[in-house]
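S.K.: no FASTA, just this:
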């Protein structure tokens with residue numbers, strides 16, 4: 001059996017003592033080079049430390065720690081007239097992510113320790129998500145297309161920056177579209193065109209292109225996008241989603257899946273646990289650790305993988321947590337999720353199973 005790759009979606013809790021307000025200010029001042037050194041050192045260390053946590057927990061292709069807001073991180077520069085060559089079309093040299101610069105030094109340390117290149121996953125908020133966040137229906141294809149081209153340029157810049165570095169490479173690029181299938185305003189019109197434009201460069205370079213969805217309603221549409229090779233499913237919290245995907249459809253279009261095998265809906269998990277055990281997970285010390293170990297034990301991770309493989313087999317190419325871990329109250333809990341996920345995946349591949 002071909003082994004799936006363990007990755008993560010991206011977001012991660014901030015370390016204790018670091019606020020979102022400071023973080024936003026740090027990113028802003030570094031980008032416009034106002035007092036960069038006073039902010040740069042702390043920000044880069046924060047990014048590198050979170051990345052090492054992911055690696056040490058066992059993540060094989062970690063996503064850069066996405067501490068920024070997924071909308072403003074990309075939409076603000078795309079809407080800045082000084083950074084664009086046409087409305088909503090960012091200039092290629094401006095389509096950069098600070099996080100990639102922060103990881104250069106860390107990737108050198110990784111190379112020295114591991115003797116191999118660090119394989120990275122990058123995530124960029126998708127054109128459909130950005131369009132509907134900024135504009136109401138109907139969809140104007142020319143506007144959507146420029147947004148999509150801008151998304152593609154962020155991906156291109158990250159890939160090219162990695163090509164110039166001997167210590168890391170971009171293994172996977174994810175286009176994040178969490179509202180597709182959930183926001184009733186979103187219609188099929190323009191989706192294929194936009195996703196083709198956004199994924200084109202990564203696809204041509206032979207890099208795995210994921211789409212991260214919270215609903216599989218549009219998966220049939222996504223199958224028709226040549227540039228998307230991997231479709232993500234949040235199937236740990238919602239195992240019924242597996243029944244909505246037709247393996248024959250995946251075979252027909254030669255698409256693969258990213259399967260969620262550990263839950264990340266910490267508020268729901270805590271509420272379920274509190275109701276059963278009459279506790280207050282966010283007030284009673286140690287309860288949240290118990291919640292994570294209860295709902296994301298290595299045994300449960302393994303069982304979720306067994307269920308998915310019994311349906312899709314080697315159409316599964318990536319596995320990991322359902323979504324980002326940013327909503328978790330601290331980094332220790334997020335690390336525990338990743339560590340348990342890693343243990344469950346190893347148990348599945350190395351031990352006896354019913355598949």
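M.R.: Perfect, thanks for sending it. Since the model is a prediction, treat every value here as computed from it, not as a measurement.
S.K.: spell out the residue ranges of the strands in the stretch 101-250 of the chain.
M.R.: Along the stretch 101-250 of the chain, counting by DSSP state E, counting those that start in this stretch, strands occupy 118-125, 168-177, 208-213, 230-233.
S.K.: for those strands, which one sits closest to residue 322?
M.R.: Closest to residue 322 of these is strand 230-233 (Cβ to Cβ; 8.5 Å). All C-beta atoms are positioned from the backbone trio N, CA, C, and that covers glycine.
S.K.: reformat the strands of the stretch 101-250 of the chain as TSV; add mean neighbour count and mean pLDDT.
M.R.: Written out in TSV, the entries for the strands of the stretch 101-250 of the chain read as follows (neighbours: other Cβ atoms under 10 Å; pLDDT from 0 to 100):
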stretch	mean neighbour count	mean pLDDT
strand 118-125	24	97
strand 168-177	24	97
strand 208-213	25	97
strand 230-233	24	96
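S.K.: which one of the ones you listed lies nearest to residue 93?
M.R.: strand 118-125 (16.6 Å).
S.K.: the closest residue to residue 182 other than its chain neighbours: neighbour count?
M.R.: Distances taken as Cβ to Cβ, 6 or more residues apart in numbering place residue 215 nearest to residue 182, at 5.2 Å, with adjacent residues excluded. By the other Cβ atoms under 10 Å criterion, the neighbourhood of residue 215 contains 18 residues.
S.K.: touching, residue 215 and residue 184? I think so.
M.R.: No - between residue 215 and residue 184 there is no contact, the gap being 11.3 Å when judged by Cβ atoms under 8 Å.
S.K.: one step back: I'd like the strands of the stretch 101-250 of the chain as a markdown table, with distance to residue 84 appended.
M.R.: Formatted as a markdown table, the strands of the stretch 101-250 of the chain follow (distance: least, Cβ to Cβ, whole Å):
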| stretch | distance to residue 84 |
| --- | --- |
| strand 118-125 | 17 |
| strand 168-177 | 20 |
| strand 208-213 | 24 |
| strand 230-233 | 30 |
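S.K.: so which of those strands comes closest to residue 88?
M.R.: With Cβ to Cβ as the criterion, residue 88 lies closest to strand 118-125 of the strands of the stretch 101-250 of the chain, at 13.5 Å.
S.K.: now for that closest one, which elements pack on it?
M.R.: Where contact means 3 or more Cβ pairs under 8 Å, 6 or more residues apart in numbering; DSSP states H and E, strand 118-125 is packed against helix 72-78, helix 98-114, helix 141-163, strand 168-177.
S.K.: hey, least reliable of these by pLDDT?
M.R.: For those, the weakest mean pLDDT is recorded on helix 98-114, namely a mean of 91.
S.K.: the stretch 251-355 of the chain: strands as residue ranges?
M.R.: 256-262, 316-321.
S.K.: quick one: contacts of the last one?
M.R.: Contacts made with strand 316-321 from outside it, assessed by Cβ atoms under 8 Å, 6 or more residues apart in numbering, are listed as 4-9, 59, 61, 172, 208, 210, 229-230, 232, 236, 256-264, 305, 308-309, 337-338, 341, 345.
S.K.: what do you get for stretch 129-137?
M.R.: The set of residues external to stretch 129-137 that reach it, using Cβ under 8 Å, 6+ apart, is 70-71, 74-75, 78-79, 139, 143-144, 147, 151, 176-180, 183, 185-187, 194.
S.K.: of the residues you listed, keep whichever come out buried.
M.R.: In terms of neighbour count (16 or more other Cβ atoms under 10 Å), the buried residues within the contacts of stretch 129-137 are 70, 74-75, 78-79, 139, 143-144, 147, 151, 176-180, 186, 194.
S.K.: turn the strands of the stretch 251-355 of the chain into JSON lines, columns for mean neighbour count, distance to residue 50 and mean pLDDT.
M.R.: Converted to JSON lines, the strands of the stretch 251-355 of the chain look like this (neighbours: other Cβ atoms under 10 Å; distance: least, Cβ to Cβ, whole Å; pLDDT from 0 to 100):
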{"stretch": "strand 256-262", "mean neighbour count": "26", "distance to residue 50": "18", "mean pLDDT": "98"}
{"stretch": "strand 316-321", "mean neighbour count": "26", "distance to residue 50": "14", "mean pLDDT": "98"}
